[in-house]
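Enquirer: The following block contains a protein sequence and its predicted model.
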Amino acid sequence: GKTVVFATGANPRKLGIPGEKELTGLGVSYCAHCDGMFYRGKTVAVVGGGDTALQDALFLANSCHHVTLIHRRDEFRGEARLVEQVEKRENISILYSHTVEELIAENGELSAIVVKDAKSGEMKTMTLDGLFAAVGQAPQSAPFASLVATQGGYYDAGENCLSSFPGVFVAGDGRVKSVRQLTTAVGDGAVAGLAACQYV
């Protein structure tokens, strides 16, 4: 071929807890907007401290009975307006300086988690129906990182989707960008496809 389009995407970062892989889709999720409605009227937790975690907590609070936002630090990295909105929601509680240490399953589905207070070392069990991890994404560019320029693992390309190597274009969540959503990935696909045609 005379042109190539890399669309290798990005995967959600895992929490690194034993049993996480086995319980994915059975109580553990990485997309509140995708899976949130499965937990309507139920109790859930969100792990993370950035904008995505804050937005996920607010989104889930619209349909879930209660949402606990768990963050390993003393303060959030996300926008102040989002933090303020989260703090005002009556059905959202915040656990600062806590980490999730263990997943507990019952009948093959998540039923509780064990969290650890990073300051006191105290461990406690929280009964819940769902756990949403919002701790970032990992780009899947490693197989091609030696061929084209990257920034933090993401393909270094602008809105024209042109990589540093002539004839190679990039599209989707694997590209350096501020918004990673299905709609922006589809837009990249159209841009990269047309650019590749013009290149040929």
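Expert: Nice, I can see it.

Enquirer: got a list of what Met126 touches?
Expert: 45, 68, 112-115 (CB atoms under 8 Å, 6 or more residues apart in numbering). Heads up, the C-betas are built off the backbone N, CA and C, glycines and all.

Enquirer: Can you name the residues that contact His71?
Expert: Residues in contact with His71 (CB under 8 Å, 6+ apart) are 47-49, 53, 94-98.

Enquirer: Export those residues as TSV, with columns for secondary structure, pLDDT and neighbour count.
Expert: As requested, those are exported to TSV (DSSP: H, G, I helix; E, B strand; the rest coil; pLDDT from 0 to 100; neighbours: other CB atoms under 10 Å):
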residue	secondary structure	pLDDT	neighbour count
Val47	strand	98	24
Gly48	coil	97	25
Gly49	coil	95	22
Ala53	helix	96	26
Ile94	strand	98	15
Leu95	strand	97	18
Tyr96	coil	97	16
Ser97	coil	97	15
His98	strand	98	22
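
Enquirer: tally of neighbours for Val115?
Expert: When counting by other CB atoms under 10 Å, one arrives at 20 neighbours for Val115.

Enquirer: Leaving out chain neighbours, which residue sits closest to it?
Expert: Spatial nearest neighbour of Val115, excluding adjacent residues (CB to CB, 6 or more residues apart in numbering): His98 at 4.8 Å.

Enquirer: The one you found contacts Arg73, correct?
Expert: No. The criterion here is CB atoms under 8 Å, and His98 misses it with Arg73 at 9.8 Å.

Enquirer: could you pull out the strands for this structure?
Expert: Listed in chain order, the strands of the chain (DSSP state E) span 4-6, 10-12, 28-29, 43-47, 66-70, 92-95, 98-106, 109-117, 123-127, 130-133, 137-139, 150-151, 154-155, 168-170.
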